[in-house]
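K.L.:
My questions are about this predicted structure, shown below with the sequence.
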Amino acid sequence: MHLIILALPYILQLALIIHIIKTNKPFYWLYLIIFIPYLGGAAYILLELLPAVLSSREIRRAGESLARTLNPSAELKKLEEQLKNQDTVNNRSALAQAYIEAERFTDALPLLQSCLAGPFADDTSLLFLHAQALYGSGRVEDAAAIIEKLQKKHALSSIKEKLFELQVRSSLLKQPLLEDFEKLWNESKNFEAGFYYVKALTETSGPDDGAALQNVEANREKARLVIEDMQRILKTYRNFSRSMGAEWLKKAKSLV
């Protein structure tokens, strides 16, 4: 343990050096961190890392998404007014995301198309929102084309993004990709992934014969086991029961 504590400053120094190289930061930071390790590292964290984290579009969107969940109509009006007062890409994309979450996909599309018409044409967050709006509007093949583009950029990393990619692929094939949904649920134990796995299990059907009926019943039993697993997790992590986890469990139960 003593050796680990002694090694921590060097591990942090190495991590900062790797971050500087990977993010193409000015090379003077390397000299500062190598030759003035403590002061250089502290300066880099304060001047480069913290501002980037605090201004992150994803963090802002997470906060906006929570507000929309708590009071969707009020948040929509606020974002619409905000866009009227200041027409920016950030305000357009925030309103588009709110429209998507309210299932107003056709309202989101023109906003996203205008965002993607300029220098943000390859912005992965905007492209993902555009794919969601297209999919919700019934334009599955157009959404799939964007998803393929994002896959080539290795831009689908979050659970939400992976789930959406599976939904699009399932729609193209006209059958749920059970193994992929199962794998994502088992790897993440994310409740949204659990809900969509249950949904895929309960949507599976086949010819009206004995073997097919047995398969349907087996899938429904798997769905019940997933729900039991979700309930067990909620009991273990009680604070989680007051979050969106309980909502996804409720939705999953309604399918079985």
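P.N.:
Ah, there it is. None of these values were measured; they are calculated from a predicted model.

K.L.:
any idea how far residue 150 lies from residue 158?
P.N.:
12 Å (CB to CB, to the nearest Å). Glycine gets a C-beta too; all of them are placed from N, C-alpha and C.

K.L.:
Same drill for these two, tell me which one is more crowded.
P.N.:
A direct count of neighbours by other CB atoms under 10 Å for residue 150 and residue 158 places residue 150 higher, at 19 against 12.

K.L.:
Looking at that one now. What's its pLDDT?
P.N.:
Residue 150 is assigned a pLDDT of 93 by the prediction.

K.L.:
My guess is it contacts residue 131. True?
P.N.:
Yes - between residue 150 and residue 131 a contact is recorded at 7.4 Å, counting by CB atoms under 8 Å.

K.L.:
On the three-state scheme, residue 175 is what?
P.N.:
Classification of residue 175 using DSSP: H, G, I helix; E, B strand; the rest coil returns coil.

K.L.:
Give me the neighbour count for it.
P.N.:
Residues near residue 175, counting by other CB under 10 Å: 14.

K.L.:
Which helix or strand contains residue 76?
P.N.:
Assigned by DSSP states H and E, residue 76 belongs to helix 72-85.

K.L.:
Could you write out the alpha-carbon coordinates of that helix in PDB?
P.N.:
Taking Å, rounded to 0.1, in the frame of the first residue of the first chain, the C-alpha atoms of helix 72-85 are listed here in PDB:
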ATOM      1  CA  PRO A  72     -41.500  18.100 -20.100                       C
ATOM      2  CA  SER A  73     -43.900  20.800 -21.300                       C
ATOM      3  CA  ALA A  74     -42.300  23.600 -19.200                       C
ATOM      4  CA  GLU A  75     -38.800  22.600 -20.400                       C
ATOM      5  CA  LEU A  76     -40.000  22.600 -24.100                       C
ATOM      6  CA  LYS A  77     -41.400  26.100 -23.800                       C
ATOM      7  CA  LYS A  78     -38.200  27.300 -22.100                       C
ATOM      8  CA  LEU A  79     -36.100  25.800 -24.900                       C
ATOM      9  CA  GLU A  80     -38.300  27.200 -27.600                       C
ATOM     10  CA  GLU A  81     -38.100  30.700 -26.100                       C
ATOM     11  CA  GLN A  82     -34.400  30.300 -25.700                       C
ATOM     12  CA  LEU A  83     -34.000  29.600 -29.400                       C
ATOM     13  CA  LYS A  84     -36.200  32.600 -30.400                       C
ATOM     14  CA  ASN A  85     -33.900  34.800 -28.300                       C
END
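
K.L.:
distance between that helix and the chain's centre?
P.N.:
When distances are taken as CA atoms, centre = their mean, to the nearest Å, helix 72-85 is centred 23 Å away from the chain's centroid.

K.L.:
That one - contacts with which helices or strands?
P.N.:
On a contact count with 3 or more CB pairs under 8 Å, 6 or more residues apart in numbering; DSSP states H and E, helix 72-85 meets helix 57-70, helix 89-101.

K.L.:
weakest of the ones you listed by average pLDDT?
P.N.:
helix 57-70 - the lowest mean pLDDT of those, at a mean of 55.

K.L.:
So residue 138: helix, strand or coil?
P.N.:
Here residue 138 is recorded as coil under three-state DSSP.

K.L.:
What pLDDT does the model give it?
P.N.:
pLDDT recorded at residue 138 is 95.

K.L.:
what about it, distance to residue 215?
P.N.:
Applying CB to CB to residue 138 and residue 215 gives a distance of 29 Å.

K.L.:
what's the answer for residue 43, then?
P.N.:
For residue 43 relative to residue 215 (CB to CB), the value is 62 Å.
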